[in-house]
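Undergrad: How does the following fold in three dimensions:
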Amino acid sequence: MKEYTEEEMLQLSGIQHYVLCPRQWALIHMEQYWEDNGLTAEGTLLHANVDNPFYRETSGTNILTLRGLRLSSKRLGLSGIADAVEIIPHSEDRMTKAQLLESGKYDMLPIEYKRGTKKISDCDRIQVTAQAIILEEQFKVHIKQGAIFYWQDRHREYFEISDELRRQTEEISIEMHRILETNTIPKSERKRHCQKCSLMDYCMPGISERSAKRYVEESIRGLMEQ
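TA: Model prediction:
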């Protein structure tokens with residue numbers, strides 16, 4: 001399997017954008033186009049309360065929570081920061097952070113924080129699965145489960161890091177790199193969630209190349225007739 005270099009790394013958060021809409025991912029991560037709306041601004045504020053680059057112990061338990069953990073995978077070619085990773089000891093014995101990590105006797109639970117509610121799409125689960133694959137690569141552990149906390153529901157969803165999710169995640173990361181290498185922006189396609197996308201006016205979903213060409217020609221003709 002190909003190993004990606006540091007120069008070839010793509011943003012880990014981009015895999016969620018890609019699953020939701022490949023064109024949105026390309027506009028953001030290839031053309032560097034971004035525009036906030038109320039929903040994206042709210043998400044930024046919510047994450048500001050989560051991304052704390054310090055280790056801390058979960059109150060009342062011996063579970064350690066790692067926040068702002070830097071992740072990078074040569075296998076997936078993705079890098080970024082995890083919202084939170086819980087280190088769950090196999091025993092009730094009290095240990096320091098260093099002792100616990102050195103012992104290797106723990107389970108890891110990657111947790112992603114999202115504004116809104118649980119989605120029908122697997123886009124959030126695939127983002128967490130990518131984090132799990134990277135954590136396995138970095139810490140030499142096996143991760144069975146992931147979690148997503150939805151702010152609007154105030155609920156944490158647990159799910160299995162299945163073989164199918166792993167397969168999809170690896171295939172998507174390969175496709176993301178292929179699109180970048182070929183410099184091909186996916187065509188626009190109107191979807192149910194387009195209305196809420198902050199890039200809608202720039203993307204113009206549902207407008208074909210032919211209709212866009214006609215719009216430009218008519219605009220030029222109108223200017224010439226003035």
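Undergrad: Now for the closest residue in space to residue 93 that isn't next to it in sequence: which residues touch it?
TA: Distance criterion Cβ to Cβ, 6 or more residues apart in numbering; nearest residue to residue 93, sequence neighbours excluded, is residue 62 at 7.9 Å. For every residue, glycine as well, the C-beta is placed using N, CA and C. For residue 62, the contacting residues are 89, 92-95, by Cβ atoms under 8 Å, 6 or more residues apart in numbering.
Undergrad: Over to residue 141?
TA: Neighbour list for residue 141: 104, 106-108, 135 [criterion: Cβ under 8 Å, 6+ apart].
Undergrad: are any of those buried, and which?
TA: The neighbour count (16 or more other Cβ atoms under 10 Å) marks 106, 108, 135 as buried among the contacts of residue 141.
Undergrad: Of these, just say which sits nearest to residue 142.
TA: When those are compared for distance to residue 142 (Cβ to Cβ), residue 108 comes out closest, at 8.9 Å.
Undergrad: that older thread, for the contacts of residue 62, which single residue is the most surrounded?
TA: Note: the member of these with the most neighbours is residue 89, at 18 neighbours, neighbours being other Cβ atoms under 10 Å.
Undergrad: wait, that residue sits on residue 105?
TA: Yes: under the criterion of Cβ atoms under 8 Å, residue 89 makes contact with residue 105 at 6.6 Å.
Undergrad: List the neighbouring strands of the longest strand seen in the chain plus their orientation.
TA: In the chain, assigned by DSSP state E, the strand with the most residues is strand 78-89. If you go by DSSP bridges, strand 78-89 pairs up with strand 10-11 (parallel), strand 64-73 (antiparallel), strand 106-114 (antiparallel).
Undergrad: Report all helices and strands that whichever strand or helix holds residue 23 contacts.
TA: Secondary-structure element containing residue 23, defined by DSSP states H and E: helix 22-29. Where contact means 3 or more Cβ pairs under 8 Å, 6 or more residues apart in numbering; DSSP states H and E, helix 22-29 is packed against helix 14-20, helix 163-182, helix 200-203.
Undergrad: Apply 10 Å and report the result again.
TA: The criterion is 3 or more Cβ pairs under 10 Å, 6 or more residues apart in numbering; DSSP states H and E, and the helices and strands that helix 22-29 contacts are strand 10-11, helix 14-20, helix 163-182, helix 200-203.
Undergrad: Many thanks, we can stop here.
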